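*Asks:* Sequence unavailable; structure follows:
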């Protein structure tokens, strides 16, 4: 029987007397500040108690004709439609009389229902079973409403504790003929159906949520009376007419726009009336804002977009001069000062020559080249022996008739064009010879060119004693029948 947050199991739950901030005990709580005060005449105590249903979404008054004393948070059985219902005690004592006077309920009304007894375990078990059917009933009722094509929204379903009555709360802009709907719902759920229309603000109070201020919605915590709100309240408070910011979760204008409206209206009584436009020498000044905190009125001229703050006394004086046909020269705007300290801009410091950008560029270039080199080395180490670069072409895959773009073939060269590095024999002096060329007359017969190594002059190696290929036969024998493969050619003699 305790609240869900503390779970103490005591009849009074957390004993916060209605000030529980978690909302687990109840919604729309009222703090009973007269609970612990003694009364001289106990017989004069209020015999009416306030009960809450469905976690505080609905509250009602019931007469306690029994001799039992109920405490806040207890579950008791009361008279219902052809049965009983179970509610939670939310308020007892003298605070109930104040609430009844506020809501206009007669304490001695004969139509007020009575309290039967404390709820038993069987009553509580029956209530829990029937409350579990409410979610399924909402879904089914919405489906039936769509099938009948009724312009209404089913918001909530509340089933009585004994399961004999169900109250359907709906939202609709116009009157709806739901006679056929009641017949279908009564046959579907086997209960007595009651349809009750509510507004968008009442629905938001039943659903609950967090507002743009960061706190719980007022309609789900403490606000019980919904007054009409229009955009005039926003204009008096100098708020921008932005439908997105001024609307609450219910889609209507926020109820909190009326909270400070009276204060703004009292402050605006000191401002002059009919001062929307004033005449000066530079033209017509138009009123755009009234600042009630500084007692200033902001005007703007037609040929400029600059705002001019004027005091109330100056506006009244200009208005008086205009009524006399006199047009003042200037507006005499005042200077608006703020209490915030002005930020000091740092003084200019000449840092030219202290930091060399070339040094930074050079170090950055070295670092970039080093990273590229490391990346290339890493890629080469990761590449297999038979793997080539993606953009590289192997020499075996190159077309034999294909040449590099930078190579010029002899056929592509102009016949009259010659390489400037080449010297023709006709241009050479006959007595001049290339120092790199050695004439055969100057060459020693026993001397041979180191770069020209004949196969016959090369010393014999083990790798040279290879067998001839299978397609070639053995060398033909000489006339004397000897094998001449290992014979050396005769040495050259000296030329005469």
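*Replies:* Yep, it's here. Note that the structure is predicted; figures quoted are calculated from it, not measured.
*Asks:* Tell me, how many residues neighbour residue 170?
*Replies:* The number of residues packed near residue 170 is 22, by other Cβ atoms under 10 Å. (C-beta placed from N, C-alpha, C; glycine too.)
*Asks:* Okay, and it sits in which element?
*Replies:* Using DSSP states H and E, the element containing residue 170 is strand 165-171.
*Asks:* Pull out the buried residues from that strand.
*Replies:* In terms of neighbour count (16 or more other Cβ atoms under 10 Å), strand 165-171 has its buried residues at 165, 166, 167, 168, 169, 170.
*Asks:* try stretch 192-210
*Replies:* For stretch 192-210, the neighbour count (16+ other Cβ under 10 Å) marks 193, 195, 200, 201, 202, 203, 204, 205, 206, 208 as buried.
*Asks:* can you list contacts of it?
*Replies:* Contact with stretch 192-210 is made by 27, 57, 81-82, 155-156, 164-172, 178, 181-182, 185-186, 216-217, 219-220, 223, 226, 248-252, 255, as judged by Cβ atoms under 8 Å, 6 or more residues apart in numbering.
*Asks:* Likewise for stretch 259-267?
*Replies:* By Cβ under 8 Å, 6+ apart, the residues outside stretch 259-267 that reach it are 233, 236, 237, 292.
*Asks:* go on, stretch 239-247?
*Replies:* Counting by Cβ under 8 Å, 6+ apart, the neighbours of stretch 239-247 from elsewhere in the structure are 212, 231, 234, 235, 253, 254, 257.
*Asks:* Can you name every helix or strand that the helix or strand hosting residue 139 contacts?
*Replies:* Mapping residue 139 onto the secondary structure by DSSP H and E places it in helix 134-148. Contact here means 3 or more Cβ pairs under 8 Å, 6 or more residues apart in numbering; DSSP states H and E; on that basis helix 134-148 packs against strand 153-159, helix 179-189.
*Asks:* mean confidence for it?
*Replies:* Mean per-residue pLDDT for helix 134-148: 93.
*Asks:* orientation of it relative to strand 165-171 in degrees?
*Replies:* On the basis of axes from the mean of the first three to the mean of the last three Cα atoms, to 10 degrees, helix 134-148 is oriented at 60 degrees to strand 165-171.
*Asks:* Just the buried residues of helix 134-148, please?
*Replies:* Of all the residues in helix 134-148, those buried under the rule 16+ other Cβ under 10 Å are 137, 138, 140, 141, 145.
*Asks:* Where does pLDDT dip in the stretch 301-450 of the chain?
*Replies:* For the stretch 301-450 of the chain, applying pLDDT under 70 flags the ranges 339-340, 342-363, 376-450.
*Asks:* who touches the closest residue to residue 311 other than its chain neighbours in this structure?
*Replies:* Counting by Cβ to Cβ, 6 or more residues apart in numbering, residue 311 lies nearest to residue 334, which is 6.0 Å off, once chain neighbours are set aside. Residue 334 makes contacts with 296, 309, 310, 311, 314, as judged by Cβ under 8 Å, 6+ apart.
*Asks:* Please tell me which one of the contacts of stretch 259-267 counts the most neighbours.
*Replies:* Comparing these by number of neighbours (other Cβ under 10 Å), residue 233 comes first, having 21 neighbours.
*Asks:* what's the spacing between residue 50 and residue 201?
*Replies:* Distance from residue 50 to residue 201, counting by Cβ to Cβ, to the nearest Å: 22 Å.
*Asks:* what does residue 308 give?
*Replies:* Per Cβ to Cβ, residue 308 is found 42 Å from residue 201.
*Asks:* circling back: identify the farthest-apart pair in the buried residues of strand 165-171.
*Replies:* Considering Cβ to Cβ, no two members of those lie farther apart than 165 and 170, which are separated by 16.3 Å.
*Asks:* Which one of the contacts of stretch 259-267 is nearest to residue 105?
*Replies:* The shortest gap between residue 105 and any of the contacts of stretch 259-267 belongs to residue 233, at 30.3 Å (Cβ to Cβ).
*Asks:* Show the contacting residues for the nearest residue to the closest one once chain neighbours are set aside.
*Replies:* Counting by Cβ to Cβ, 6+ apart, residue 233 lies nearest to residue 257, which is 4.5 Å off, once chain neighbours are set aside. Residues in contact with residue 257 (Cβ under 8 Å, 6+ apart) are 229, 233, 234, 237, 239, 246.
*Asks:* count of residues packed around the last one?
*Replies:* Read it as residue 246. Considering only other Cβ under 10 Å, residue 246 is surrounded by 17 other residues.
*Asks:* same thing with the third one?
*Replies:* If you count neighbours by other Cβ under 10 Å, residue 234 ends up with 19.
*Asks:* So it lies in a helix, does it not?
*Replies:* Yes. The assignment for residue 234 (DSSP: H, G, I helix; E, B strand; the rest coil) places it in a helix.
*Asks:* Next up, the contacts around it.
*Replies:* Residues near residue 234 by Cβ under 8 Å, 6+ apart: 240, 241, 246, 253, 257.
*Asks:* how about those, which pair is most distant?
*Replies:* Taking Cβ to Cβ, no two of these sit farther apart than 240 and 253, at 13.6 Å.
*Asks:* Could you list the buried residues of stretch 210-221?
*Replies:* Taking 16+ other Cβ under 10 Å as the basis for neighbour counts, the residues of stretch 210-221 that come out buried are 211, 216, 217, 218, 219, 220, 221.
*Asks:* quick check, nearest of those to residue 133?
*Replies:* Using Cβ to Cβ, residue 220 comes nearest to residue 133 of those, at 23.6 Å.
*Asks:* so what pLDDT did that closest one get?
*Replies:* Predicted confidence (pLDDT) for residue 220: 84.
*Asks:* rewinding a little: can the buried residues of helix 134-148 go into a markdown table with extra columns for distance to residue 97?
*Replies:* Converted to a markdown table, those look like this (distance: Cβ to Cβ, whole Å):
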| residue | distance to residue 97 |
| --- | --- |
| 137 | 37 |
| 138 | 36 |
| 140 | 42 |
| 141 | 38 |
| 145 | 42 |
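*Asks:* Pull the most distant pair out of the residues you listed.
*Replies:* Longest distance between any two of those is 12.3 Å, between 137 and 145; criterion Cβ to Cβ.
*Asks:* mind listing what's buried in the helix or strand that residue 128 is a member of?
*Replies:* Secondary structure assignment for residue 128, by DSSP H and E: helix 121-131. Across helix 121-131, burial judged by 16+ other Cβ under 10 Å covers 123, 126, 127, 130.
*Asks:* how about residue 117, secondary structure?
*Replies:* Assignment for residue 117 (three-state DSSP): strand.
*Asks:* neighbours of the nearest residue to it once chain neighbours are set aside, just the number please.
*Replies:* Nearest residue to residue 117, sequence neighbours excluded (Cβ to Cβ, 6+ apart): residue 77, at 5.3 Å. When neighbours are counted by other Cβ under 10 Å, residue 77 registers 21.
*Asks:* now the helices for the protein?
*Replies:* Secondary structure of the chain, counting by DSSP state H: helices at 94-103, 121-131, 134-148, 179-189, 200-207, 218-221, 231-236, 243-246, 261-267, 312-323, 357-382.
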